[in-house]
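Engineer: one predicted model, sequence on top.
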Amino acid sequence: MSDLFASFALSASGMEAQARRLRHVSENIANADTPGYRRKTIDFRAEMDRDTGLSRVATGPVQLDPRELPRVYDPSHPLADEDGYHDGSGVDLMIEIADAREAGRSYEANLRAFDQTRQMTQGLLDLLRR
Amino acid sequence: MFDIPDLMRTAQDLARHSGARQTVIAQNIAQADTPGYRAQDLPPFHAQADRALAATRPTHLDAGARPAELTPRTDRSAPALSPNGNTVSLEGQMMQAAQTRQAHDMALSTYTSARAILRTAMGR
């Protein structure tokens, strides 16, 4: 029974991590046209719990994509330098949407695991009732 | 009639095993996107007929340790690595989750009916 309770926490940590990733993806998409914006990414790592020996998902700090920003030629833009160029946004919509899909899929898988654990717990508790 | 308590104990072991396996599966699914994570699994369940080496006192060797059957180990049958070094396949985990669910349901049904037989035998 305690195993099943531990797996609730595991699935919840997975969902939390995926939700955080999705939040940063939507932030990136919202800034797809902001000049000088660098896309934000977070990394996932396994964090071992000494008591149970199980590893939860932990998210690292927000990192900015170090790639060079595209240069956009627009002399009328207020940010343009003397040559007429300014920094564009470092967001590639294709990458962001693929990332969002993957996060959504993993979130759903965690939700399924959570639901199945809940049903198994319910089955155990039903033994007490009859 | 005297087999019934044994049967109930086996059902209990199976339920415990599938509960532990469910936890391992939940962990794999949670870590499905973590770079470098290797999928884990439990050894398959075998009804323990002889408990000759069962630790019955806290001073016995291995008394507090988890039995080998409930200790997760790296799943060698996991499919090839993804580019980030992760070996979790969500489809494979869903399959294992379905098996676990089935084993758990089987254990609970067996337990329930064994209990009913025992009650009938006791005349209640």
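Structural biologist: Arrived safely, thanks for sending.
Engineer: which residues touch the one residue in chain A that gets nearest to chain B?
Structural biologist: Minimum separation of chain A from chain B (Cβ to the nearest Cβ) falls at A:Gly14, amounting to 2.9 Å. For every residue, glycine as well, the C-beta is placed using N, CA and C. Counting by Cβ atoms under 8 Å, 6 or more residues apart in numbering or on different chains, A:Gly14 makes contact with A:Val57, A:Ser106, A:Tyr107, A:Asn110, A:Ala113, B:Ala26, B:Ile29, B:Ala30, B:Gln31, B:Ala32.
Engineer: assign a three-state SS to it, would you?
Structural biologist: The three-state label given to A:Gly14 by DSSP: H, G, I helix; E, B strand; the rest coil is helix.
Engineer: quick one on the thing from earlier: scan the contacts of A:Gly14 and report the most crowded one.
Structural biologist: B:Ala30 (33 neighbours; other Cβ atoms under 10 Å in any protein chain shown).
Engineer: once you drop chain neighbours, what's closest to that one?
Structural biologist: A:Gly14 (2.9 Å; Cβ to Cβ, 6 or more residues apart in numbering or on different chains).
Engineer: same question, A:Ser11
Structural biologist: In space, A:Ser11 is closest to A:Phe114, 4.0 Å off (Cβ to Cβ, 6+ apart).
Engineer: list the buried ones in the helix or strand hosting A:Arg101?
Structural biologist: Using DSSP states H and E, A:Arg101 maps to helix A:93-129. Of the residues in helix A:93-129, A:96, A:99-100, A:102-103, A:106-107, A:109-110, A:112-114, A:116-117, A:120-121, A:123-124 count as buried by neighbour count, 16 or more other Cβ atoms under 10 Å in any protein chain shown.
Engineer: close to chain B: what parts of chain A are there?
Structural biologist: Within chain A, the positions lying close to chain B (Cβ under 8 Å from any Cβ of the partner chain) are A:1, A:3-4, A:6-8, A:10-11, A:13-14, A:17-18, A:21, A:43-46, A:53-57, A:102-103, A:105-106, A:109-110, A:112-114, A:116-117, A:119-120, A:123-124, A:126-127, A:130.
Engineer: ok so, going back, and the residue of chain A closest to chain B, what pLDDT?
Structural biologist: Turning to A:Gly14, the model gives it a pLDDT of 94.
Engineer: longest single helix anywhere in chain B?
Structural biologist: helix B:90-121 (DSSP state H).
Engineer: tell me which other helices or strands it touches.
Structural biologist: Applying 3 or more Cβ pairs under 8 Å, 6 or more residues apart in numbering or on different chains; DSSP states H and E, one finds that helix B:90-121 makes contact with helix A:93-129, helix B:4-30.
Engineer: ok, A:Pro35 - contacts?
Structural biologist: Applying Cβ under 8 Å, 6+ apart, the residues near A:Pro35 are A:Val72, A:His77, A:Leu79, A:His86, A:Asp87, A:Gly88, A:Ser89.
Engineer: what two of those are the furthest from one another?
Structural biologist: A:His77 and A:Ser89 (13.0 Å; Cβ to Cβ).
Engineer: what strand or helix carries A:Ala17?
Structural biologist: In this structure, A:Ala17 sits in helix A:2-30 according to DSSP H and E.
Engineer: equivalent analysis for B:Pro83, please.
Structural biologist: With DSSP H and E as criterion, B:Pro83 is part of no helix or strand.
Engineer: what about it, distance to A:Arg129?
Structural biologist: For B:Pro83, the distance to A:Arg129 equals 49 Å [Cβ to Cβ, to the nearest Å].
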